[in-house]
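Novice: A predicted structure for the sequence below; I have some questions about it.
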Amino acid sequence: MPKIVIAIDGYSSCGKSTTAKAVAAKMNYGYIDTGAMYRAVTLFFLKERVSFTNQKEIEAALDRIHITFNFNARIGRNETCLNSLNVEEEIRTMYVSNQVSEVSAIPEVRWAMVAQQQKMGRRRGLVMDGRDIGTKVFPDAEVKVFMTADTYIRAKRRQQELLAKGELINLEDIIKNIEKRDLIDTTRSESPLVQAPDAILLDTSHMTIEEQVDWVIELADRKL
Ligand code: C5P
């Protein structure tokens, strides 16, 4: 059977990653969380105090960043590694979330990440989620989904996720972070978040993860 690329883009905290991961597992496809890559770059920039506006510093830092995904058999999922160090937990904290959209808007950062993502999908058989997968990374993806959901519902979900990891953040701060990220993501000059003309819109406000997964798989089945 031919293998395809499934691109899942959309706003922050709509359930993209959870859905994409489950779709990949069911289809026996690879899965790449591109948000994790931008988060890892942000963590590096923050730790190394890289100026977000100094092009030379940015380019030098990008040369020193190596991002990989290592499969952890114990928990059955990929973990993000930055220069061989497992940063999976650290990149999900509010410390990183508060800065990630600014770093993601830097053109040099995007060019470096997009090039790596395109290499990862060369052999197809891949589900990739992010903000520009259907528009920039794989404009020829066979399946394109654009996810959206009510902001309050997204914030509630995000709050639960963070709480499960022991981070107690009030809802107002999460709403502010989501709105700020959406604004920067949709208005940046380099590949802004926008629905590709051939992407299908999915509002996940009142859907369970299982429903979202079934919906994407049904869409993919029609292309196979
Ligand atoms: O998907 P996640 O919310 O973890 O992504 C974190 C941030 O990374 C987003 O808010 C966005 O600023 C950036 N991002 C991006 N392009 C992608 C994936 C994520 O700009 N393809």
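Specialist: On my side now, so go ahead. Predicted model, so just to flag it, every value in this text is computed and none were measured. Residues are numbered from 1 along each chain as shown.
Novice: who's in contact with stretch 93-109?
Specialist: Contact with stretch 93-109 is made by 35, 38-39, 41-43, 45-46, 52, 55, 58-59, 62, 90, 110, 131, 162, 167, 169, 173, 177, 180-181, 184-185, 188-190, as judged by Cβ atoms under 8 Å, 6 or more residues apart in numbering. Heads up, the C-betas are built off the backbone N, CA and C, glycines and all.
Novice: let's go with 6 Å and repeat that
Specialist: 38-39, 41-43, 45, 52, 58-59, 169, 177, 181, 184-185, 188, 190 (Cβ atoms under 6 Å, 6 or more residues apart in numbering).
Novice: Also stretch 124-139?
Specialist: Applying Cβ under 6 Å, 6+ apart, the contact partners of stretch 124-139 are 3, 5-9, 16-17, 20, 23-24, 29-32, 34-35, 114, 117, 141, 144, 185, 191, 193, 196, 199.
Novice: one step back: just the buried ones from the contacts of stretch 93-109?
Specialist: Buried members of the contacts of stretch 93-109, counted by 16 or more other Cβ atoms under 10 Å: 38-39, 41-43, 45, 58, 169, 177, 181, 184-185, 188.
Novice: Just the contacts of stretch 124-139: which are in strands?
Specialist: The members of those that map onto strands under DSSP state E are 5-9, 30-32, 144.
Novice: picking up where we left off before, quick check: which of the contacts of stretch 93-109 are also close to the ligand?
Specialist: Residues of the contacts of stretch 93-109 in contact with the ligand (Cβ under 6 Å from any ligand atom): 38-39, 181, 185.
Novice: Next up, the contacts around Ile209.
Specialist: Thr18.
Novice: And the one 3 residues further on, by the same measure?
Specialist: For Gln212, the contact set (Cβ under 6 Å, 6+ apart) comprises 15, 19, 204.
Novice: Can you tell me the closest non-neighbouring residue to the residue nearest the centre of the chain?
Specialist: What sits nearest the mean C-alpha location of the chain, by Cα atoms, centre = their mean, is Gly35, with 2.8 Å. Using Cβ to Cβ, 6 or more residues apart in numbering and skipping residues adjacent in sequence, the residue nearest Gly35 is Gly130, 6.0 Å away.
Novice: What's the separation between the one you found and the ligand?
Specialist: Distance from Gly130 to the ligand, counting by Cβ to the nearest ligand atom, to the nearest Å: 2 Å.
Novice: Also Glu167?
Specialist: Going from Glu167 to the ligand by Cβ to the nearest ligand atom gives 15 Å.
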